[in-house]
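Q: need a 3D model of the sequence below.
(chains A and B)
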Amino acid sequence: MEVLTTGTKAVVTRTANRRSEGPVRAPRQGGVRRAVWVGAFLAPAVALVAALLVVPFAVTAYRSLFDDNGITARFVGLANYRSLLTDPDFGRSLLNTVMWVVGTLVLPVLLGLLLAVLTHSVRWGAVARTAVVIPYALSGSATALLWTYLLKSDGAVNQTLSAVGLGGWQQDWLLHWPLNTVVMIVATTWQSTGAALLLFLIGLQTIPAETIEAARIDGAQGLQMFLKVIVPQLRPMTVVVVGMSIVNSLKTFDIVWLLTQGGPGTASETLALTMYRQTFTLNRYGYGAAVSVVLTAVVVAASWLYLRRQVQPQRGGAA
Amino acid sequence: MTGRVVRHVLVALVSLLWLLPTWLVVVNAFTPTKQYTGSPRWWFSSWGLFRNVRAAFSSADVGQGLLNTFLYATVGAAVAVVIAALASFAVTVMPIRRPGIWFWAIFIGTVLPLQTFLSPLFTGYARTGLYDTQYGMVLVYVALTVPFAFFVNRNFMMTVPREISEAAQLDGVNWLRMFLSIHLPLARSALLAAFIFQFTWIWNDLLFGITLSLSPNVRPVMATLADLSGNYSTVGPPAVLAGALVASVPTVVLFFVFQRFFVNSLRLTS
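A: Model (predicted):
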């Protein structure tokens, strides 16, 4: 960014005393014109996000200061947040959410990376890629029904285990914590690895063939090539995949809601589910809003911590 | 040599693991409702798929839902990708003060939990007359998908060598021309990827469909299907599964097309 700005400045000073008329000359003029150009490019995105996402969120945040049952609301300050701290369900929900973050970083992201590189080097890789990507295209309701089939106490997994003589391994997969959370992370892996795989494939495209060739001439092979050349070159896309994985796992809702509804009891609830249950099932709008504010704070902090290091150096590095 | 074998075995194993559940979806969607026992089937017992699909289509307006969803996913994702490309061009190429702040002003949209929007959006839509309209649905889907499309595009545009835009600037090309003739074509694959992802996201969205629409003319297909599984007892899981399978066909097709595009462009570079 630095280089570019100084570059533009140079252009601007070079042509400073030659004022051009039409708006098309904007890059050559500083100040207002430039601001208008930038504004025109940025405004639609910023306005949409602000009006339809940020403002509704602010409304919810404001609501968290009230004891609100949907009919009457009474200002209570931070009382909702104080009761969160002492709520054991909230602690469990937080723990589950952390498990989701770690689990989906390890499984779909790592598998996506490995598969992108592996299928790229095998002739029939396209077949394997299709197999992995199809679940990503399936709808949530189909996926949920499917995993119910698989994981029910008399479901496909248990049937298969007893059929191959491993009856002792049969489990009530969705009925015990922490197994239910782990199993649902596996189900999510099945569905979302395809997305990571595709993003990494796009990233592989941006690696110049000469870089790979040069590394090969230098004797890099297999694992070494993967770790020393491909992984570092993939970094811009890795930032996208890891960033999205963190954000999405913190917001995990659909699959848990469809498979266990957060149960048994509240054992497999994530923060998003706790919020949903408090708000829409128990009609505790204020308390639910407080959960969502905490959840948002965690997501923002996590992604900022991650992106702060990833976004800046590239800009500085380019300077 | 051993490395090659290991690679083949690994890829084969993974494909198998991934295909097994997919197989189950397909087989069970073919099971006639009457023969459904509650436990899964591993092989086709008959060709009940069409009856199941018909059941799904007749007991809920799945056809109209599909049309609505197609409109939202195509228009919504296309508009979102264009808007996102403009914004990513602004923060990566244009000389802008504090690009980090603008990045966050848009990226924040992917960070906020979806459920926090529901109740305020519902109230706002009801007041402005956007509730239960196709405009309203497109609008909310565009807003929801812009941030991620922006993130992908921005990170891709950062890999475009800045010498290119500097040269263009020296030639006195205006920003719009530079965007249209240099950065847009270069970011083609990222744009396409963003479109596919956002199309799929909108296609599979349930939350906003059930919250912001009601009438069959507006309701997207996933919401219609959810109504269907609500009255489980009358149509039965195979019909729901069959409906879900039909509703998933467009996205699967899209991914197939996409896949070929990627394999081709990969061949070019490696």
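Q: ok, now which ones touch residue 207?
A: Assuming you mean chain A. In this structure, residue A:207 makes contact with A:229-230, A:233-234, B:269, judged by C-beta atoms under 8 Å, 6 or more residues apart in numbering or on different chains. Quick note: C-beta positions are derived from backbone N, CA and C, even for glycine.
Q: wait, I meant chain B there
A: B:114-115, B:118.
Q: then residue A:264?
A: residue A:175.
Q: from chain A, how far off is residue B:69?
A: Counting by C-beta to the nearest C-beta, to the nearest Å, the gap from residue B:69 to chain A is 10 Å.
Q: also residue B:93?
A: Here the criterion is C-beta to the nearest C-beta. By it, residue B:93 lies 7 Å from chain A.
Q: wait, that residue touches residue B:176, no?
A: No - using C-beta atoms under 8 Å, residue B:93 is not in contact with residue B:176, being 11.9 Å away.
Q: more crowded one of the two?
A: Under the criterion of other C-beta atoms under 10 Å in any protein chain shown, the comparison of residue B:93 against residue B:176 puts residue B:93 first, with 25 against 16.
Q: quick one: stretch A:68-75 to chain centroid distance?
A: When distances are taken as C-alpha atoms, centre = their mean, to the nearest Å, stretch A:68-75 is centred 33 Å away from the chain's centroid.
Q: quick check: buried residues in that stretch?
A: residue A:68 (16 or more other C-beta atoms under 10 Å in any protein chain shown).
Q: what average pLDDT does that stretch get?
A: Mean pLDDT, computed over stretch A:68-75, is 79.
Q: so how far does that stretch reach from one end to the other?
A: Taking C-alpha to C-alpha, to the nearest Å, stretch A:68-75 runs 8 Å from one end to the other.
Q: is that stretch up against chain B anywhere?
A: No - Stretch A:68-75 stays clear of chain B (C-beta under 8 Å from any C-beta of the partner chain), getting no nearer than 9.2 Å.
Q: using the three-state scheme, assign residue A:67.
A: Three-state assignment for residue A:67 (DSSP: H, G, I helix; E, B strand; the rest coil): strand.
Q: now do the one 3 residues further on
A: Assigned by three-state DSSP, the conformation of residue A:70 is coil.
Q: quick check: the nearest residue to it once chain neighbours are set aside vs residue A:228, distance?
A: Spatially, and ignoring its direct neighbours in sequence, residue A:70 is nearest to residue A:283 (5.0 Å; C-beta to C-beta, 6 or more residues apart in numbering or on different chains). Remark: distance between residue A:283 and residue A:228 (C-beta to C-beta, to the nearest Å) = 56 Å.
Q: so which of the contacts of residue B:207 is the closest to chain A?
A: Minimum distance to chain A across these is 5.3 Å, recorded for residue B:115 (C-beta to the nearest C-beta).
Q: buried set for the helix or strand residue A:305 falls within?
A: For residue A:305, the element it lies in under DSSP states H and E is helix A:285-318. The neighbour-count check on helix A:285-318 (16+ other C-beta under 10 Å) flags A:285-296, A:298-300, A:302-303, A:307, A:310-311, A:314 as buried.
Q: swap in stretch A:81-95?
A: Residues of stretch A:81-95 classed as buried: A:81, A:84, A:89-90, A:92-94 (neighbour count, 16+ other C-beta under 10 Å).
Q: and stretch B:18-31, by the same measure?
A: Buried residues in stretch B:18-31, defined by neighbour count with 16+ other C-beta under 10 Å: B:18-19, B:21-22, B:24-25, B:27-31.
Q: for those residues, which one is nearest residue A:72?
A: Distance to residue A:72, by C-beta to C-beta, is smallest for residue B:25 among these, at 46.8 Å.
Q: so which strand or helix has that closest one?
A: Assessed by DSSP H and E, residue B:25 sits inside helix B:2-30.
Q: residue A:147 now?
A: Using DSSP H and E, the element containing residue A:147 is helix A:140-151.
Q: what do you get for residue B:200?
A: Taking DSSP H and E as the criterion, residue B:200 maps to helix B:188-204.
Q: what's the first helix or strand after that helix?
A: Counting by DSSP H and E, the next helix or strand C-terminal to helix B:188-204 is helix B:207-212.
Q: gap between that following helix and the chain center?
A: 16 Å.
Q: and it, what's its mean pLDDT?
A: Mean predicted confidence for helix B:207-212 is 87.
Q: ok, residue B:88 touching residue B:150?
A: Yes - with contacts counted by C-beta under 8 Å, residue B:88 reaches residue B:150, the gap being 5.5 Å.
Q: so these two - more neighbours on which side?
A: A count of neighbours by other C-beta under 10 Å puts residue B:88 above the other of residue B:88 and residue B:150, at 30 against 27.
Q: surely the more buried one is in a helix?
A: Yes - counting by three-state DSSP, residue B:88 is part of a helix.
Q: now the strands for the chain?
A: Going with chain A. Here chain A has its strands, by DSSP state E, at A:66-68, A:73-75.
Q: how about residue A:66, what does it touch?
A: Listed by C-beta under 8 Å, 6+ apart, the contact partners of residue A:66 are A:73-76, A:285-286.
Q: count the neighbours of residue B:252 for me.
A: As a burial measure, residue B:252 scores 18 neighbours (other C-beta under 10 Å).
Q: and it, how far from residue B:6?
A: 30 Å.
Q: about what we covered before: biggest separation within the contacts of residue A:66, which pair?
A: Greatest spatial distance in these: A:75 and A:285, 13.2 Å, computed using C-beta to C-beta.
Q: point to the helix or strand of chain A where mean pLDDT is at its lowest.
A: One helix or strand of chain A scores below all others by mean pLDDT, DSSP states H and E: helix A:2-14, with a mean of 36.
Q: what's the answer for chain B, then?
A: Within chain B, no helix or strand scores below helix B:232-235, which has a mean of 54 by mean pLDDT, DSSP H and E.
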